[in-house]
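Enquirer: Sharing a model prediction with you, sequence too.
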Amino acid sequence: MTSTDLTTDAALSTSAASVFIPAPVTPYQGDIARYWDGEARPVNLRLGDVDGLYHHHYGIGSVDRTALGDADDGASEKKLIAELHRLESAQAELLLDHLGPMERDDTLVDAGCGRGGSMVMAHQRFGCKVEGVTLSAKQADFANQRARELGIEDHVHARVCNMLGTPFGTGQIAASWNNESSMYVDLHDLFAEHSRILAAGGRYVTITGCWNPRYGQPSKWVSQINAHFECNIHSRREYLRAMADNRLVPQAVIDLTAATLPYWELRATSSLVTGIEEAFINSYKDGSFQYLLIAADRV
Ligand SMILES: C[S@@+](CC[C@H](N)C(=O)[O-])C[C@H]1O[C@@H](n2cnc3c(N)ncnc32)[C@H](O)[C@@H]1O
Ligand SMILES: CC(C)=CCC/C(C)=C/COP(=O)(O)OP(=O)(O)O
Ligand SMILES: [Mg+2]
């Protein structure tokens with residue numbers, strides 16, 4: 001971290017400066033920082049190139065077959081990519097819907113912000129300031145470059161920072177979220193930090209994949225997803241328990257499993273497959289894995 005970063009962080013934080021933890025702090029977090037610094041899968045870059053919103057999350061909603069065309073050529077692949085991207089942006093729109101109304105002078109926090117697509121969408125919708133944290137310097141640079149290109153760098157900013165120890169002041173944040181980034185951290189530590197930074201009455205939202213306690217234990221497909229991404233998927237039960245322990249009271253719990261399957265089934269037919277499609281499709285279908293949105297009030 002540079003001295004300039006320290007100045008910025010100190011200015012941002014009133015009471016939290018002493019708990020700010022620069023990233024990464026554990027060997028595991030070092031692995032995750034390296035993973036995302038080195039990530040350049042076409043399925044993410046080519047989808048982001050469609051409109052300049054770069055996501056590292058999956059899609060929801062029905063596939064619009066009329067948008068796909070039927071010619072088996074380059075044009076139809078382009079349409080398929082645009083359709084996959086439409087579904088991943090629909091996922092982010094749903095997350096933002098659950099933040100509720102925001103004021104222009106509110107500050108929002110994207111915990112595990114990736115390349116920043118959700119942050120840009122949040123700023124465009126609410127007009128407010130959005131602060132993102134990621135372990136990856138490459139991702140933070142990418143997100144800040146996009147913000148500059150869009151002329152919104154005064155409002156959208158990413159930093160290299162551990163989401164378990166952020167520089168944001170206690171009770172200063174109107175809403176915060178994790179979009180497919182909570183499977184890299186201990187949930188009690190994570191929700192303690194969200195609970196600290198959120199104002200009383202503030203809103204927390206996550207969209208996540210979680211294993212289903214009704215299945216018993218993580219299935220072989222869930223273990224395959226963990227190995228593929230070097231993450232540690234939690235159970236639905238763990239989410240609800242860790243929220244309850246940290247003054248985060250669920251207002252909505254939405255099972256998006258059926259809504260995400262069309263994305264996966266379409267992706268499995270594209271040239272951009274990565275090999276993980278079968279694990280997602282099979283685990284969603286056998287009930288061992290769920291795609292969930294949880295919106296909670298900070299009480
Ligand atoms: C799958 S990506 C999701 C990115 C983004 N939320 C999106 O929807 O496009 C996971 C993100 O979590 C971040 N991450 C994982 N562990 C983290 C930690 N301890 N602190 C901050 N970011 C973390 C990674 O750096 C990466 O940006
Ligand atoms: C729902 C779960 C368990 C998510 C794990 C976290 C993760 C890697 C999300 C997608 O990232 P990505 O967009 O970089 O992945 P891909 O390259 O497969 O599109
Ligand atoms: Mg992706």
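Expert: Received, thanks. Numbers count the residues shown, from 1 in each chain. Ligands and ions are numbered 1, 2, ... in the order given.

Enquirer: Show me the helices in the stretch 51-200 of the chain, by range?
Expert: 65-68, 74-97, 117-126, 137-149, 187-197 (DSSP state H, counting those that start in this stretch).

Enquirer: a markdown table for these, including mean pLDDT, distance to I207 and mean neighbour count?
Expert: The C-beta positions use only the backbone N, C-alpha and C, and glycine is treated the same way. Below are those laid out as a markdown table (pLDDT from 0 to 100; distance: least, C-beta to C-beta, whole Å; neighbours: other C-beta atoms under 10 Å):
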| stretch | mean pLDDT | distance to I207 | mean neighbour count |
| --- | --- | --- | --- |
| helix 65-68 | 92 | 23 | 11 |
| helix 74-97 | 95 | 5 | 18 |
| helix 117-126 | 98 | 10 | 22 |
| helix 137-149 | 98 | 18 | 18 |
| helix 187-197 | 98 | 14 | 21 |
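
Enquirer: can I get the ones you listed in CSV with distance to ligand 1?
Expert: Listed next are the helices of the stretch 51-200 of the chain as CSV, based on distance: least, C-beta to the nearest ligand atom, whole Å:
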stretch, distance to ligand 1
helix 65-68, 23
helix 74-97, 7
helix 117-126, 5
helix 137-149, 5
helix 187-197, 8
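
Enquirer: okay, stretch 143-157 in PDB with CA atoms only?
Expert: Only the C-alpha atoms of stretch 143-157 are listed here, as PDB (Å, rounded to 0.1, in the frame of the first residue of the first chain):
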ATOM      1  CA  ALA A 143     -12.700  -1.200 -12.500                       C
ATOM      2  CA  ASN A 144     -11.100   2.200 -12.000                       C
ATOM      3  CA  GLN A 145     -10.100   2.400 -15.600                       C
ATOM      4  CA  ARG A 146     -13.700   1.700 -16.700                       C
ATOM      5  CA  ALA A 147     -14.900   4.300 -14.200                       C
ATOM      6  CA  ARG A 148     -12.500   6.900 -15.800                       C
ATOM      7  CA  GLU A 149     -13.600   5.900 -19.300                       C
ATOM      8  CA  LEU A 150     -17.200   6.500 -18.200                       C
ATOM      9  CA  GLY A 151     -16.400   9.800 -16.500                       C
ATOM     10  CA  ILE A 152     -17.700   8.500 -13.100                       C
ATOM     11  CA  GLU A 153     -14.500   8.100 -11.300                       C
ATOM     12  CA  ASP A 154     -15.700  10.600  -8.600                       C
ATOM     13  CA  HIS A 155     -18.400   8.200  -7.700                       C
ATOM     14  CA  VAL A 156     -17.200   4.700  -8.500                       C
ATOM     15  CA  HIS A 157     -14.000   3.500  -7.000                       C
END
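
Enquirer: Now render the helices of the stretch 51-200 of the chain as JSON lines, adding distance to V43.
Expert: Formatted as JSON lines, the helices of the stretch 51-200 of the chain follow (distance: least, C-beta to C-beta, whole Å):
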{"stretch": "helix 65-68", "distance to V43": "17"}
{"stretch": "helix 74-97", "distance to V43": "8"}
{"stretch": "helix 117-126", "distance to V43": "14"}
{"stretch": "helix 137-149", "distance to V43": "16"}
{"stretch": "helix 187-197", "distance to V43": "27"}
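
Enquirer: List just the one of the ones you listed that sits closest to L261.
Expert: helix 74-97 (10.9 Å; C-beta to C-beta).

Enquirer: Is any residue of that closest one near ligand 2?
Expert: No: Helix 74-97 does not reach ligand 2 (C-beta under 6 Å from any ligand atom); its nearest approach is 7.8 Å.

Enquirer: what ranges of the chain fall below the confidence cut-off?
Expert: Applying pLDDT under 70 to the chain picks out residues 1-23, 71-74.

Enquirer: show me what contacts the residue in it positioned nearest to ligand 2?
Expert: The nearest approach of the chain to ligand 2 comes at G209, 2.9 Å away (C-beta to the nearest ligand atom). Applying C-beta atoms under 8 Å, 6 or more residues apart in numbering, we find G209 in contact with E180, M183, I225, I233, F289, Q290, Y291, L292.
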